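# This is the structure alone, sequence omitted:
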């Protein structure tokens, strides 16, 4: 069973350390359901593997989460993040310190009403032949305000490394504010990096098609949001948490004025 950390009653400020021993595998779930400031320090030793699922649920109201991970040679980390609180500040920094190490970050968010979302994800590729992938998917409605900064940093000595970064944003409101800041830094010539952002309003043809099949506007929007975040949601293999995240997404759409 995965390890799960739950917020205690009331606001809490806590630092957690997660270590995966050499050659070992570990699954961890961190679900924030109370106001929190959480600092997470991760070390994945040589040949180890960590799958970390982290979620800020709407009940958390306001949360600040900082995660730093060091990944050694031949080791890997996969981070799946659900960013669903009304005030959400999330920082993820991964250092691929060893040769042949890898990192994957998958994130979903949905901002509505006056939500504030601030995401800053960084992967520093230090070792040779490292692999990094950042994929972020979300939707904004109401007067929500979101900024996402995603950085791939190829450091000197990272020859043969590859990095990919992609964000897809769906806008349901003309008053929602989206800022996407992809950045790629390279101090090494023999690397391969790509980044891209796709921002679009709700597809009118898709909405018309769904509504012509008997759905009202709100139900059609629910289907579009679910489809947008499904590639990330599928990576959360905890059934109870998946249900809670899906319920939160649908409730937020239902409560949208």
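Alright, I've got the coordinates. Because the structure is a prediction, the values reported are computed rather than measured. Numbers count the residues shown, from 1 in each chain.
# for stretch 52-70, how far is the first residue from the last?
One end of stretch 52-70 sits 13 Å from the other (C-alpha to C-alpha, to the nearest Å).
# Ignore what I typed, I meant stretch 109-116.
First residue to last in stretch 109-116 (C-alpha to C-alpha) measures 11 Å.
# For that stretch, which residues meet the burial criterion?
109, 110, 111, 112, 115, 116 (16 or more other C-beta atoms under 10 Å). Any C-beta I mention is one placed from the backbone N, CA and C, and that applies to glycine too.
# Restricted to strands, list those.
109, 110, 111, 116 (DSSP state E).
# Pull the most distant pair out of those residues.
By the measure C-beta to C-beta, 110 and 116 form the most distant pair in those, at 13.1 Å.
# in this protein, which residue is closest to the centre?
The C-alpha lying nearest the average C-alpha coordinate of the chain belongs to residue 107 (C-alpha atoms, centre = their mean; 2.1 Å).
# State the pLDDT value of it.
pLDDT for residue 107: 94.
# Would you confirm that it contacts residue 137?
Yes - applying C-beta atoms under 8 Å, one finds residue 107 in contact with residue 137, separated by 7.4 Å.
# shared neighbours of the two, anything?
Jointly contacting residue 107 and residue 137 under the rule C-beta atoms under 8 Å, 6 or more residues apart in numbering are residue 232.
# Where do the helices of the chain begin and end?
204-212, 217-233, 239-254 (DSSP state H).
# orientation of the second one relative to helix 239-254 in degrees?
Right, the one you point to is helix 217-233. Taking axes from the mean of the first three to the mean of the last three C-alpha atoms, to 10 degrees, one finds helix 217-233 and helix 239-254 inclined to each other by 150 degrees.
# low-scoring pLDDT stretches of the stretch 51-200 of the chain, where are they?
58-62 (pLDDT under 70).
# Show the residue spans covered by the strands in it.
62-71, 76-83, 87-96, 102-111, 116-125, 131-140, 145-154, 162-171, 177-186, 192-201 (DSSP state E, counting those that start in this stretch).
# how about the spatially closest residue to residue 201 that is not a sequence neighbour, what does it touch?
Closest residue in space to residue 201, ignoring its immediate chain neighbours: residue 171 at 4.9 Å, by C-beta to C-beta, 6 or more residues apart in numbering. By C-beta under 8 Å, 6+ apart, the contact list for residue 171 reads 139, 140, 141, 178, 199, 200, 201, 202.
# Okay, and the beta partners of residue 185?
residue 153 (DSSP bridges).
# doesn't residue 153 make contact with it?
Yes - using C-beta under 8 Å, residue 185 is in contact with residue 153, at 4.5 Å.
# So between these two, which is more surrounded?
residue 153 (21 against 13; other C-beta atoms under 10 Å).
# For residue 78, see how far away that one is.
Using C-beta to C-beta, to the nearest Å, we find residue 153 at a distance of 19 Å from residue 78.
# do the same with residue 198
23 Å.
# if you count what's nearby, which of those two comes out ahead?
Taking other C-beta under 10 Å, residue 198 and residue 78 do not tie; residue 78 has more neighbours (17 against 11).
# Would you enumerate the residues in contact with that one?
50, 51, 52, 103, 104, 105, 106, 235.
# Look up phi and psi at the last one.
In other words, residue 235. phi -80, psi -10 (degrees, to the nearest 10).
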